[in-house]
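In: Need the 3D shape of this:
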Amino acid sequence: MTTESIAVLVIDDDPAILQNIVCYLEDSDFICFGAADGAAGIETFERERPDAVIVDLNMPGMNGRDVIARINAQSPTTPVIVVSGTGVIDEAVESMRVGAWDFLSKPVRRMEELENAVRAGLRRARTMRESNEYKETLERMVKRRTRELQLANDRTEAILLATVQSLSTVINLKDAYTGTHQQRVALIAPAIAEELGMEQRAVEAVRLAALLHDVGKMGLPSEFLTKPSRLDANEMQFIRQHPQLGYDILKDIPFELPIPEMVLQHHERLDGSGYPRGLAGDDILPEARILAVADTVEAICSHRPWRPAHPFSHALHELTAGKNTLYCPDAVNSCIDLITRGDPRLTTFTATIKGLPS
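Out: Predicted structure coming up:
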């Protein structure tokens, strides 16, 4: 900014002082506007939008402090220099508090000091504006990058969901029972998670894990999955590999939460009697404990290749007997409550089970 383009507003009710300051600044090639009171000064400021303001404090009507506050509210990067005859430190502090940038006492014996104060204020104002512009530029860049990342995240999430759905469909093609079972567990498990107060992203992770919890069965012989009689001990050893196989299939997919671990642990039991790792208690993920309960109740109440569906009383007995030893008690209580009260989230499941209390 060149001196010739710098406009300064001088507000003072003393005509001699006003004229003296205006003449000096004009001789220094500033453009000057004069106002004899606060109200006229504000009017001129709003009309001309000067680069800097020099103002007296003690004026009739609107005093200097009110002028400073008004200007600061409208344009916080406009330097306001106080030139006052009071010379009291309290006045200086108060004027700075309401927005003044500098304070000089009357009479100003060396006008160079006033000019220097104006120029210092203008340099500071320019720095503030540049800083604000830089900040705004950064904010725009952050917002743009955030939008880009959100779009990328949305695309990634959509790909993950499509992957989950594709895997679930493949399982259904190999074994219709397993595919249907997973879908029904995916109704029960997230409802339990919600009842237990889990945050929404954990609830969604439970739903995805439920949709995939038996994905490892894709690696097992079909004749074991569809055998019309109970499996023998050797065959059961094969079946018990499916949590580990499921984990191996899912472990490299970049899920936000540990869904592969939930799948791996869904047959673990609180007392350590589960498989594949014999985990116990708090070593089992809370989400896996929920899957264990939902998996159990759905399996008991559904048709299996070697037996018809059991009534709900069988599931109730299993969960109640295993509460605190095999199954998480909170998950058991929530599951039983959801089913017995006919929670609408489970309607697709409860509409098909036998022996449900009316």
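In: Enumerate the helices of the stretch 51-200 of the chain by residue range, in sequence order.
Out: Using DSSP state H, counting those that start in this stretch, the helices found in the stretch 51-200 of the chain span residues 64-74, 89-97, 111-174, 176-195, 200-212.
In: among these, which is nearest Leu270?
Out: helix 176-195 (15.7 Å; Cβ to Cβ). Heads up, the C-betas are built off the backbone N, CA and C, glycines and all.
In: quick check, distance from that closest one to the centre of its chain.
Out: Distance of helix 176-195 from its chain centroid, counting by Cα atoms, centre = their mean, to the nearest Å, is 28 Å.
In: can you check stretch 328-340 too?
Out: Put simply, stretch 328-340 sits 31 Å off its chain's centre (Cα atoms, centre = their mean).
In: Equivalent analysis for stretch 341-355, please.
Out: Between the centre of stretch 341-355 and the centre of its chain there are 35 Å (Cα atoms, centre = their mean).
In: re the thing from before, want to throw the helices of the stretch 51-200 of the chain into CSV with distance to Gly274?
Out: Compiled in CSV, those are given as follows (distance: least, Cβ to Cβ, whole Å):
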stretch, distance to Gly274
helix 64-74, 68
helix 89-97, 69
helix 111-174, 22
helix 176-195, 16
helix 200-212, 16
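In: Among those helices, which comes closest to Leu231?
Out: Among the helices of the stretch 51-200 of the chain, helix 176-195 sits nearest to Leu231 (Cβ to Cβ), with 13.9 Å.
In: So what angle separates the directions of that closest one and helix 111-174?
Out: Computed by axes from the mean of the first three to the mean of the last three Cα atoms, to 10 degrees, the angle separating helix 176-195 from helix 111-174 equals 140 degrees.
In: Mind checking the helices of the stretch 51-200 of the chain for the one nearest to Leu356?
Out: So among those, helix 176-195 is nearest, using Cβ to Cβ, at 13.7 Å.
In: And the helices of the stretch 51-200 of the chain: which comes nearest Glu43?
Out: Of all the helices of the stretch 51-200 of the chain, helix 64-74 comes closest under Cβ to Cβ, at 10.8 Å.
In: Next, the buried residues of the closest one.
Out: Residues of helix 64-74 classed as buried by neighbour count (16 or more other Cβ atoms under 10 Å): 64-65, 67-72.
In: CA atoms only: put stretch 74-83 into PDB for me.
Out: C-alpha atoms of stretch 74-83 as PDB (Å, rounded to 0.1, in the frame of the first residue of the first chain):
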ATOM      1  CA  GLN A  74     -17.500  -3.300  12.200                       C
ATOM      2  CA  SER A  75     -13.800  -3.600  11.200                       C
ATOM      3  CA  PRO A  76     -11.500  -5.300  13.700                       C
ATOM      4  CA  THR A  77      -8.500  -4.900  11.400                       C
ATOM      5  CA  THR A  78      -8.800  -1.100  11.100                       C
ATOM      6  CA  PRO A  79      -6.100   0.500  13.400                       C
ATOM      7  CA  VAL A  80      -7.600   3.000  15.800                       C
ATOM      8  CA  ILE A  81      -5.100   5.400  17.500                       C
ATOM      9  CA  VAL A  82      -6.200   7.400  20.500                       C
ATOM     10  CA  VAL A  83      -5.000  10.900  21.000                       C
END
